[in-house]
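Colleague: no sequence for this one, just the structure:
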């Protein structure tokens, strides 16, 4: 029972594999097939409580409830749907915290943007999530349930997962990797359709590559590094944690990651109007990317109330992209979704918390 997800006094079955659940059943004095039944009811039938798994003997269901063993699903607090059908879900944990997750639909895919922590310690100045600091990291069941809940709410099967919600995934890497294993093996979302985003934590990328290979057998998910500036001085001004991780060291670690995994790295670059979106910045970014097995995603900034950063004009976004392309950089512009409904990461959660405090 050592692999059960622990959340306060709760022990959660969500996140466990069929083999894990078979072992759990045997440890409970039941037949192994009971574990397979639990697996089917959790991942295929969407069971939200142990008592709802009616194929299990009533005496065992009662025993599990008495021991505090639960499925580990979250409670929906609020949902907001924007004009472009982007979904924002606020989910409540057993210890009273609030998680924000987003479902982004297109004709051919449903991408779920999941959180890995409650809050964030990195303090990026353009991000609403970090304004309140870090509460704690999420458990495996709390990460996986975001994907399940978005799929249930939108009545569509999620096809892609991006760890780009609240928190810094590399500060919760064990649970993130366990979640990827569950999403891949138990829910059926291939690793190539999963992206892990990081602002950069010193001395972690080479270890991430090794840990991922040991845990997952192979590294096929995409690593996305939040760069947001083409030089150290500018990067430190908007990402305080960058002061302990020089951009040259970050890029060197990215190269080591590429050598170990054979996977290219994506670089996220939020364009802040008048600050990091000038031609000189595009030229500097091109120099950084030269000879790199990489791809740059440009993202126009979504304003938050606490900061005065501006969203760049579409012509400036296009000009920045064209300069990168002219310099041979693989680049794409990510379309903004849900702008009419608190699009910035963590914004809806913060507004909800503020309302709770006021009331």
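Modeller: Thanks, I have the structure now. From a predicted model like this one, the values you see are computed outputs, not experimental measurements.
Colleague: so what's the closest residue to residue 81 other than its chain neighbours bridging to?
Modeller: The spatially closest residue to residue 81, leaving aside those adjacent along the chain, is residue 87, at 5.5 Å (C-beta to C-beta, 6 or more residues apart in numbering). C-beta: built from backbone N, CA, C; applies to glycine. Judged by DSSP bridges, the bridge partners of residue 87 are residue 81, residue 103.
Colleague: and residue 87, what pLDDT?
Modeller: With respect to pLDDT, residue 87 has a value of 97.
Colleague: Also residue 193?
Modeller: For residue 193, the model assigns a pLDDT of 98.
Colleague: ok, back up a step: ok, the residue nearest to residue 81 - how many residues close by?
Modeller: 22 (other C-beta atoms under 10 Å).
Colleague: what sits against residue 236?
Modeller: Each residue near residue 236 by C-beta atoms under 8 Å, 6 or more residues apart in numbering is listed here: 242-243.
Colleague: mind checking how far it is from residue 198?
Modeller: Residue 236 sits at a distance of 17 Å from residue 198 (criterion: C-beta to C-beta, to the nearest Å).
Colleague: And for residue 82?
Modeller: Remark: distance between residue 82 and residue 198 (C-beta to C-beta) = 27 Å.
Colleague: Name the residue in those two with the higher neighbour count.
Modeller: A count of neighbours by other C-beta under 10 Å puts residue 198 above the other of residue 82 and residue 198, at 23 against 17.
Colleague: Excluding chain neighbours, what is closest to that one?
Modeller: Computed as C-beta to C-beta, 6+ apart, the closest residue to residue 198 that is not its neighbour in sequence is residue 170, at 4.7 Å.
Colleague: Let me know whether the residue nearest to residue 81 touches residue 156 as I believe.
Modeller: No: using C-beta atoms under 8 Å, residue 87 makes no contact with residue 156, being 10.1 Å away.
Colleague: Identify the contacts common to the two.
Modeller: What both residue 87 and residue 156 touch, as defined by C-beta under 8 Å, 6+ apart, is the set residue 105.
Colleague: Quick check: buried residues in the helix or strand where residue 315 lies?
Modeller: Per DSSP states H and E, residue 315 falls inside helix 314-326. Neighbour counts over helix 314-326 (16 or more other C-beta atoms under 10 Å) mark 316-317, 319-321, 323-324 as buried.
Colleague: Output the contacting helices and strands for that helix.
Modeller: The contact analysis (3 or more C-beta pairs under 8 Å, 6 or more residues apart in numbering; DSSP states H and E) places helix 314-326 against strand 265-271, helix 279-289, strand 294-300, strand 331-334.
Colleague: List the contacts of it.
Modeller: The set of residues external to helix 314-326 that reach it, using C-beta under 8 Å, 6+ apart, is 271, 273, 277, 279, 281-283, 285-286, 289, 296, 298, 300, 312, 331, 333.
Colleague: Now, of these, which are buried?
Modeller: 271, 273, 277, 281-282, 285-286, 289, 296, 298, 300, 312, 331, 333.
Colleague: can you redo those as TSV with distance to residue 114 and pLDDT?
Modeller: Listed next are the buried ones among the contacts of helix 314-326 as TSV, based on distance: C-beta to C-beta, whole Å; pLDDT from 0 to 100:
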residue	distance to residue 114	pLDDT
271	24	97
273	28	96
277	28	98
281	30	98
282	31	98
285	28	98
286	32	97
289	28	95
296	23	98
298	22	98
300	22	95
312	27	96
331	25	97
333	23	97
